[in-house]
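Trainee: Fold the stuff below for me.
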Amino acid sequence: DSLAEELREELEGYELTRAARRLSGFVLDELSNWYVRRSRDRFWATRPDAETKQAARDAFATLHETLRTTAALLAPFAPFFSDWLHRALVGDSVHLADYPLSAGRMGCARVGGPRPRGARAGESAGSSATQAPESDGSWRAPAIAGRA
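Mentor: Got it, this is the predicted structure:
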């Protein structure tokens with residue numbers, strides 16, 4: 001949550017190097033050196049009991065969500081790699097997904113803050129778009145003609 005907010009603020013302030021280093025530090029220190037190492041036993045789940053299996057599922061679900069969010073946060077810096085990672089995890093392009101926001105912020109998740117009400121991706125506040133947000137508050141890219 002705080003990482004997404006910090007990166008958004010850095011990107012809005014055009015502090016790209018600082019934002020990239022902050023994300024790199026998270027991946028190396030928090031995700032790889034702390035979470036993955038701490039959860040190794042849960043990933044392997046060598047005991048056949050139900051509690052161990054549930055712990056393994058929970059550990060993998062947490063890792064999946066963390067990698068999905070990391071791919072979205074990484075997209076401005078490494079668009080091809082982040083798209084490959086997101087497609088491997090979710091099945092669609094990271095560039096069609098919303099940019100993560102912290103839980104304390106409402107509205108569309110994109111760099112630059114919430115979109116004006118009724119604006120589509122890439123449109124300015126003065127455009128004539130009439131798209132409303134999804135029921136969960138997120139925005140979806142409009143369908144491209146000829147594509148489902």
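Trainee: Output the below-cut-off pLDDT ranges for the chain.
Mentor: Low-confidence segments of the chain (pLDDT under 70): 1, 103-148.
Trainee: can you pull out the helices in it?
Mentor: 2-12, 16-25, 37-38, 40-44, 50-74, 79-89 (DSSP state H).
Trainee: Which of the ones you listed sits closest to A97?
Mentor: helix 50-74 (5.7 Å; C-beta to C-beta). Using the backbone N, CA and C atoms, a C-beta is placed for each residue, glycine as well.
Trainee: Could you list the residues in contact with the closest one?
Mentor: Helix 50-74 has contacts (C-beta atoms under 8 Å, 6 or more residues apart in numbering) with 3-4, 7, 23, 26-27, 31, 35-36, 39, 42-46, 81-83, 85-86, 89-90, 94, 97-100.
Trainee: Tell me the buried residues in that helix?
Mentor: Using 16 or more other C-beta atoms under 10 Å as the test for burial, helix 50-74 gives 55-56, 59, 63, 66-74.
Trainee: Could I have the buried ones of the contacts of helix 50-74 as ChimeraX selection syntax?
Mentor: To isolate the buried ones among those in ChimeraX, judged by 16+ other C-beta under 10 Å, type:
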select :3,4,7,23,26,31,39,42,45,82,83,85,86,89,94,97,98,99,100
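Trainee: sorry, back to before: can I get the buried residues of helix 50-74 in a markdown table including distance to L11?
Mentor: Listed next are these as a markdown table, based on distance: C-beta to C-beta, whole Å:
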| residue | distance to L11 |
| --- | --- |
| A55 | 36 |
| A56 | 35 |
| A59 | 30 |
| L63 | 25 |
| T66 | 20 |
| L67 | 20 |
| R68 | 19 |
| T69 | 15 |
| T70 | 15 |
| A71 | 16 |
| A72 | 12 |
| L73 | 10 |
| L74 | 12 |
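Trainee: Nearest to Y14 among the residues you listed?
Mentor: L73 (16.7 Å).
Trainee: Please determine how far that closest one is located from L85.
Mentor: In this structure, L73 and L85 are 11 Å apart, going by C-beta to C-beta, to the nearest Å.
Trainee: Could you do L67 as well?
Mentor: In terms of C-beta to C-beta, L67 sits 7 Å off from L85.
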